[in-house]
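Undergrad: show me the folded form of this:
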Amino acid sequence: QVQLVESGGGLVQTGGSLRLSCAASGSIFMINSMGWYRQAPGKQRELVATITSGGSTNYAGSVKGRFTISRDNAKNTVYLQMNSLKPEDTAIYYCKTVLQRTPMGLEYVYWGQGTQVTVSS
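TA: Numbers count the residues shown, from 1 in each chain. Next up is the predicted model:
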(Lines give C-alpha, C1' and ligand atoms only; values in the text may rest on other atoms or scores of the structure.)
Protein backbone atom coordinates (compact mmCIF):
# COMPACT_ATOMS: atom_id res chain seq x y z
CA GLN A 1 0.00 0.00 0.00
CA VAL A 2 0.89 3.69 -0.16
CA GLN A 3 0.70 6.29 2.57
CA LEU A 4 0.75 10.07 2.26
CA VAL A 5 1.69 12.05 5.35
CA GLU A 6 1.05 15.78 5.31
CA SER A 7 2.40 18.39 7.68
CA GLY A 8 2.85 22.13 8.02
CA GLY A 9 -0.65 23.50 8.35
CA GLY A 10 -1.67 25.92 11.05
CA LEU A 11 -2.95 29.38 11.93
CA VAL A 12 -1.30 32.44 10.45
CA GLN A 13 -2.16 36.11 10.07
CA THR A 14 -2.90 37.79 6.77
CA GLY A 15 0.32 38.32 4.86
CA GLY A 16 2.08 35.49 6.62
CA SER A 17 3.65 32.33 5.25
CA LEU A 18 3.35 28.60 5.70
CA ARG A 19 5.07 25.63 4.13
CA LEU A 20 3.22 22.37 3.61
CA SER A 21 4.93 19.02 3.10
CA CYS A 22 3.61 15.70 1.87
CA ALA A 23 5.70 12.55 1.95
CA ALA A 24 4.70 9.41 0.09
CA SER A 25 5.87 5.99 1.22
CA GLY A 26 5.11 2.34 0.61
CA SER A 27 4.85 0.31 -2.55
CA ILE A 28 6.01 2.92 -5.07
CA PHE A 29 7.78 2.36 -8.37
CA MET A 30 7.45 5.84 -9.79
CA ILE A 31 5.53 9.00 -8.92
CA ASN A 32 4.26 10.72 -12.04
CA SER A 33 2.73 13.81 -10.54
CA MET A 34 2.06 15.36 -7.16
CA GLY A 35 -0.15 18.22 -6.23
CA TRP A 36 -2.12 20.18 -3.69
CA TYR A 37 -5.83 20.76 -3.60
CA ARG A 38 -7.95 22.61 -1.06
CA GLN A 39 -11.50 22.63 0.18
CA ALA A 40 -13.06 25.50 2.05
CA PRO A 41 -16.27 25.07 4.09
CA GLY A 42 -19.29 24.81 1.81
CA LYS A 43 -17.17 24.75 -1.34
CA GLN A 44 -15.92 22.07 -3.70
CA ARG A 45 -12.37 20.83 -3.62
CA GLU A 46 -10.22 22.83 -6.01
CA LEU A 47 -6.78 22.56 -7.53
CA VAL A 48 -4.06 24.70 -5.98
CA ALA A 49 -0.91 23.52 -7.75
CA THR A 50 0.58 20.45 -9.40
CA ILE A 51 4.06 19.36 -10.41
CA THR A 52 5.12 16.56 -12.74
CA SER A 53 8.09 14.24 -12.37
CA GLY A 54 9.94 16.48 -14.82
CA GLY A 55 9.26 19.58 -12.79
CA SER A 56 6.51 21.19 -14.86
CA THR A 57 4.15 23.15 -12.67
CA ASN A 58 0.59 24.37 -12.87
CA TYR A 59 -1.10 26.86 -10.54
CA ALA A 60 -4.58 28.09 -9.89
CA GLY A 61 -4.90 31.70 -10.89
CA SER A 62 -5.79 32.74 -7.36
CA VAL A 63 -2.42 31.58 -5.97
CA LYS A 64 -0.10 32.31 -8.86
CA GLY A 65 2.78 34.50 -7.74
CA ARG A 66 2.15 33.75 -4.05
CA PHE A 67 2.49 29.97 -3.81
CA THR A 68 5.35 27.79 -5.03
CA ILE A 69 5.18 24.03 -5.46
CA SER A 70 8.33 21.93 -5.48
CA ARG A 71 9.27 18.30 -5.02
CA ASP A 72 12.15 16.14 -3.90
CA ASN A 73 12.03 13.03 -6.06
CA ALA A 74 14.56 11.19 -3.92
CA LYS A 75 12.32 11.63 -0.88
CA ASN A 76 8.99 11.24 -2.71
CA THR A 77 8.00 14.52 -1.11
CA VAL A 78 6.13 17.53 -2.41
CA TYR A 79 6.14 20.97 -0.82
CA LEU A 80 3.91 24.00 -1.05
CA GLN A 81 5.42 27.31 0.02
CA MET A 82 2.58 29.73 0.66
CA ASN A 83 3.41 33.43 0.96
CA SER A 84 1.25 36.54 1.27
CA LEU A 85 -1.58 34.45 2.66
CA LYS A 86 -5.11 35.82 2.59
CA PRO A 87 -8.22 34.88 4.59
CA GLU A 88 -9.68 33.36 1.42
CA ASP A 89 -6.84 30.83 1.45
CA THR A 90 -8.37 29.28 4.55
CA ALA A 91 -9.20 25.66 3.79
CA ILE A 92 -8.20 22.07 4.33
CA TYR A 93 -5.29 21.36 2.03
CA TYR A 94 -4.97 17.88 0.54
CA CYS A 95 -1.98 16.28 -1.10
CA LYS A 96 -2.61 14.14 -4.19
CA THR A 97 -0.20 11.84 -5.95
CA VAL A 98 -0.46 9.84 -9.15
CA LEU A 99 1.94 6.93 -9.18
CA GLN A 100 2.81 3.50 -10.49
CA ARG A 101 3.38 0.65 -8.07
CA THR A 102 5.13 -1.57 -10.64
CA PRO A 103 7.12 -0.87 -13.86
CA MET A 104 4.32 -1.99 -16.16
CA GLY A 105 1.52 -1.20 -13.76
CA LEU A 106 -1.45 1.05 -13.91
CA GLU A 107 -1.49 4.53 -12.43
CA TYR A 108 -3.04 4.92 -8.99
CA VAL A 109 -4.30 8.06 -7.31
CA TYR A 110 -3.78 8.60 -3.60
CA TRP A 111 -4.91 11.42 -1.33
CA GLY A 112 -3.51 12.61 1.96
CA GLN A 113 -5.64 13.07 5.05
CA GLY A 114 -5.64 16.85 4.77
CA THR A 115 -4.11 19.62 6.83
CA GLN A 116 -5.93 22.72 8.03
CA VAL A 117 -4.69 26.14 6.99
CA THR A 118 -6.37 29.10 8.67
CA VAL A 119 -5.55 32.70 7.78
CA SER A 120 -6.87 35.30 10.19
CA SER A 121 -7.68 38.83 9.13
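
Undergrad: how about the contacts made by the spatially most central residue of the chain?
TA: For the chain, W36 is the residue whose C-alpha lies nearest the centre (Cα atoms, centre = their mean; 2.6 Å). Shown in contact with W36 (Cβ atoms under 8 Å, 6 or more residues apart in numbering): 20, 22, 48-50, 69, 78, 80, 93-96. The C-beta positions use only the backbone N, C-alpha and C, and glycine is treated the same way.

Undergrad: for those, pick the one with the most neighbours.
TA: Counting neighbours by other Cβ atoms under 10 Å, V78 leads the contacts of W36 with 29 neighbours.

Undergrad: quick one on the thing from earlier: which SSE is the residue nearest to the centre of the chain in?
TA: strand 30-39 (DSSP states H and E).

Undergrad: that strand pairs with which strands?
TA: strand 46-52 (antiparallel), strand 91-100 (antiparallel) (DSSP bridges).

Undergrad: nearest to G15, of these?
TA: Each of the strands paired with strand 30-39 has some distance to G15 by Cβ to Cβ; the shortest is strand 91-100, at 17.4 Å.

Undergrad: show me how far that closest one is from its chain's centre.
TA: Put simply, strand 91-100 sits 5 Å off its chain's centre (Cα atoms, centre = their mean, to the nearest Å).

Undergrad: SS state for V63?
TA: Following DSSP: H, G, I helix; E, B strand; the rest coil, V63 is assigned to coil.

Undergrad: let me know whether it touches E46 as I believe.
TA: No. Using Cβ atoms under 8 Å, V63 is not in contact with E46, being 10.1 Å away.

Undergrad: cool, thanks, signing off.
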